[in-house]
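[1] next one to model:
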Amino acid sequence: MSSILKLPIEDRIRLVEDIWDSIADDQSVLDLSEAQRMELDKRLDAFEKDGEIGREASEVIAEIRSRL
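    Next up, the predicted model:
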């Protein structure tokens, strides 16, 4: 862990993004509780009702990085 903390912040952010992407790729192995399933259904229903797609993650990340 200490070697990770020695990396420049940009590299640590990239590492976290890569780890998060790998988790997203393997999400089918995660068991959801009934409460989590209900919350996801609620959010999906709200999304379908709203129809707002939102913004690309890369766009949001670029905007955040431009503010640093």
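
[2] secondary structure element for the residue nearest the centre of the chain?
    The chain has residue 20 as the residue nearest its centroid, 6.4 Å off, counting by CA atoms, centre = their mean. Using DSSP states H and E, residue 20 maps to helix 9-25.

[3] got it, and residue 64?
    helix 57-67.

[4] run the chain-centre distance for stretch 12-29.
    8 Å (CA atoms, centre = their mean, to the nearest Å).

[5] picking up where we left off before, the helix holding residue 20 to helix 57-67, inter-axis angle?
    160 degrees (axes from the mean of the first three to the mean of the last three CA atoms, to 10 degrees).

[6] contact partners of the next helix or strand after helix 9-25?
    Sequence-wise, the next helix or strand downstream of helix 9-25 (DSSP H and E) is helix 34-50. Outside helix 34-50, the residues within contact range by CB atoms under 8 Å, 6 or more residues apart in numbering are residue 32. Just so you know, the C-beta spots here come from the backbone N, C-alpha and C atoms, and that holds for glycine as well.
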